[in-house]
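With the input below, show me the fold.
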Amino acid sequence: MILLEERQLKSDIVYRKLKELIISDQLKQGSSLSERKLCQLFDASRTPVRDALKKLHNDGFVDLSPDIGASVSRLTYDHVYQIYDIREMLEALAIRLFTDNASASQISRVQKMFDSLEKTIKEKKYKDGLKIDLNFHDYIFEESNNPLLKKMLLSIFEQISRIINLTQYTDEWAEEALEQHRAILERILARDSEGAEKAMRIHTRNSKRHQLEQWIKK
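As a prediction, the model looks like this:
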């Protein structure tokens, strides 16, 4: 039982670290994932490494082939399209729940996040802005008071983070995103859940459009 628990713990560690390397694009699309090299990298035996690769395959981060072995999955235009469609539907519900139920302190937190986002965008610190942008969305669904919705959106936003790290944040996109977040914040402040949902859908669709424009070029 102790050995089984240790193996599972090691598998979870390999899974998390390997996923971080893929999301951050430190491991490139299509890169071969040698079990032997992964065992050396993470100081692990083959069993937890294989378990981690299977979990990452189920999450869509790794491709497994009997002939070729494991490799980092390649994102496609269709995959990006589908991820953003799912994001729109789930985040529409999250923003409604948040707007209806958020406390004054939670709304204040969102306001501060927006202020930080505005500052970084004005300074053209886009990498910092993207982190704040993702935190803004994370906070809304974290505080939506729906654990199942939160779990689903966490999974979607892991995919979103990977997509963002593979595309270029342009001046036009940054300015549009800032104004769209301003519209979302204004509706939250007004306790207008219907308006907040509409503003979030507009933002998600515009993000999707910008992403797909860049994926067409690849």
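
Where do the strands of the chain begin and end?
Secondary structure of the chain (DSSP state E): strands at 62-65, 69-72.

So the closest residue in space to residue 113 that isn't next to it in sequence versus residue 24, what's the distance?
Of all residues not flanking residue 113 in the chain, residue 136 sits nearest, at 4.7 Å (Cβ to Cβ, 6 or more residues apart in numbering). Just so you know, the C-beta spots here come from the backbone N, C-alpha and C atoms, and that holds for glycine as well. Distance, residue 136 to residue 24, using Cβ to Cβ, to the nearest Å: 20 Å.

what do you get for residue 93?
29 Å.

Same check on residue 70?
Note on residue 70: its distance to residue 24, by Cβ to Cβ, is 18 Å.

ok, now residue 75?
Residue 75 is 14 Å from residue 24, by Cβ to Cβ.

And those two? Which one has more around it.
Set residue 75 next to residue 24 and count neighbours by other Cβ atoms under 10 Å: residue 75 wins out with 19 against 11.

Mind checking the pLDDT average for stretch 36-44?
For stretch 36-44, mean pLDDT rounds to 92.

Using PDB, list the CA coordinates for it.
Output of stretch 36-44 as PDB, limited to C-alpha atoms (Å, rounded to 0.1, in the frame of the first residue of the first chain):
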ATOM      1  CA  ARG A  36      14.000   6.900 -20.600                       C
ATOM      2  CA  LYS A  37      14.800  10.600 -20.700                       C
ATOM      3  CA  LEU A  38      11.800  11.500 -18.700                       C
ATOM      4  CA  CYS A  39      12.800   9.000 -16.000                       C
ATOM      5  CA  GLN A  40      16.200  10.700 -15.800                       C
ATOM      6  CA  LEU A  41      14.700  14.200 -15.900                       C
ATOM      7  CA  PHE A  42      12.200  13.500 -13.000                       C
ATOM      8  CA  ASP A  43      14.200  10.900 -11.200                       C
ATOM      9  CA  ALA A  44      11.400   8.500 -11.500                       C
END
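
starting at the chain centroid, how far to that stretch?
The chain centroid and the centroid of stretch 36-44 are separated by 26 Å, computed with Cα atoms, centre = their mean, to the nearest Å.

domain assignment for this structure?
2-72, 77-216 (automatic domain parsing).

Which of these has the lowest mean pLDDT?
domain 2-72 (a mean of 89).

quick one, what contacts residue 182?
Each residue near residue 182 by Cβ atoms under 8 Å, 6 or more residues apart in numbering is listed here: 114, 118.
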